[in-house]
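In: Fold the following, please.
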Amino acid sequence: MRVRCLRDPQTTPVRPVAVRLGPTAGKPETHTARRKRKIDSPTSKAMITRRFATAEPGFGNLRHNKRRYRFTLGGREKVEGQWKLYCLVHNLEKLARQGYGKGA
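Out: A predicted model of the protein is given here:
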């Protein structure tokens, strides 16, 4: 194949080539293809819409804006307390943005 594909196969250095293979008949569906099919279903789209309206923005806010990637304390009780504190701060900020506590 090298002789047929290259102009000068003796002097051309070897280069890695990546070949993507699509789904093959008789082989099981890949995890990625199965996940894409599941996410694109109407049921999953409705679930994802509900999910964005619930807890996931809080996780994103804590990880991205507050840079809280890990808990700094050890043990389940301490981590639960730290998590509740993060949630409290997140909810207080939401209330402050909406104008609560400014007096009418």
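
In: contacts and neighbour counts: CA atoms only from here.
Out: Will do.

In: pLDDT value on the residue most central in space within the chain, please?
Out: In the chain, the C-alpha nearest the mean C-alpha coordinate belongs to Gly60, at 10.0 Å (CA atoms, centre = their mean). We have a pLDDT of 76 for Gly60.

In: Next one: it relative to Gln10, how far apart?
Out: Remark: distance between Gly60 and Gln10 (CA to CA, to the nearest Å) = 54 Å.

In: Same question for Thr43.
Out: Relative to Gln10, Thr43 is positioned 57 Å away (CA to CA).

In: Same check on Ala46?
Out: According to CA to CA, Ala46 and Gln10 sit 58 Å apart.

In: in the chain, which helix has the most residues?
Out: Counting residues, the longest helix found in the chain (DSSP state H) is helix 76-97.

In: what about that helix, average pLDDT?
Out: For helix 76-97, mean pLDDT is 87.

In: Give me the contact list for it.
Out: Gly58, Asn61, Leu62, Phe71, Leu73 (CA atoms under 8 Å, 6 or more residues apart in numbering).

In: Name only those of those that count as buried.
Out: Gly58, Leu62 (16 or more other CA atoms under 10 Å).

In: And the contacts of helix 76-97, which is closest to Arg4?
Out: Minimum distance to Arg4 across those is 55.3 Å, recorded for Asn61 (CA to CA).

In: ok, that closest one - contacts?
Out: Applying CA under 8 Å, 6+ apart to Asn61 gives the contacts His90.

In: cutoff 10 Å now
Out: Contact analysis of Asn61 by CA atoms under 10 Å, 6 or more residues apart in numbering lists Arg67, Arg68, His90.

In: Please report which of those has the highest neighbour count.
Out: When neighbours are counted by other CA atoms under 10 Å, His90 leads these with 16 neighbours.

In: do you know how far the nearest residue to Tyr69 once chain neighbours are set aside is from Gly81?
Out: What sits nearest to Tyr69 in space, not counting adjacent residues and going by CA to CA, 6 or more residues apart in numbering, is Arg63, at 5.4 Å. In this view, Arg63 and Gly81 are 17 Å apart by CA to CA.
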